[in-house]
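Q: sharing a model prediction with you, sequence too.
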Amino acid sequence: MVDTAAPWCVFDADIGDALRDSFESIPGRVVLTTRLGAYAGALYRGQVAFEDLEGESLDFEVTAFLSSDWQGGNFLGYEGFLQRIRFAVDPESNLFYFGRI
């Protein structure tokens, strides 16, 4: 889900567990307060590849909040990701367009 109000990308615990091994840990603990409650976790930074249906796939650096307790879905957040790219959402066709700035 694209969430321009989310402070960071947030991934379910199973994806987060896989990312911890390849992402760089940012020191410190963080508490993310959501509609589902407060979750303790940490911030991580790393590269992700986005596959494009047309054109070329791109690698982007993201900052993600990872918590072993989070099961609220996956969110592409503004700070640390969406602010670094050019993007558009077409709700009628449920497509996400993206590219480098």
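A: Arrived safely, thanks for sending.
Q: so where do the strands sit in this structure?
A: Ranges of strands within the chain are 2-3, 9-10, 24-34, 37-50, 58-66, 76-77, 85-90, 95-100, based on DSSP state E.
Q: what average pLDDT does stretch 7-16 get?
A: Across stretch 7-16, the average pLDDT comes to 92.
Q: in that stretch, what's buried?
A: Residues of stretch 7-16 classed as buried by neighbour count (16 or more other Cβ atoms under 10 Å): 7-11, 16. Any C-beta I mention is one placed from the backbone N, CA and C, and that applies to glycine too.
Q: ok, stretch 18-34 next?
A: For stretch 18-34, using 16+ other Cβ under 10 Å, the buried residues are 19, 23, 32.
Q: need the contact list for the last one.
A: Applying Cβ atoms under 8 Å, 6 or more residues apart in numbering, we find residue 32 in contact with 7-8, 10, 38-39, 41, 65, 67, 70.
Q: how far away is it from residue 62?
A: 15 Å (Cβ to Cβ, to the nearest Å).
Q: nearest to residue 100 among the buried residues of stretch 18-34?
A: For the buried residues of stretch 18-34, the minimum distance to residue 100 (Cβ to Cβ) is 20.9 Å, reached by residue 23.
Q: in contact with residue 10, which residues?
A: 32, 64-65, 70, 72-75, 77.
Q: to clarify, my last question referred to residue 47.
A: Residue 47 makes contacts with 59-62, as judged by Cβ under 8 Å, 6+ apart.
Q: from those residues, which would you call buried?
A: Buried subset of the contacts of residue 47 (neighbour count, 16+ other Cβ under 10 Å): residue 62.
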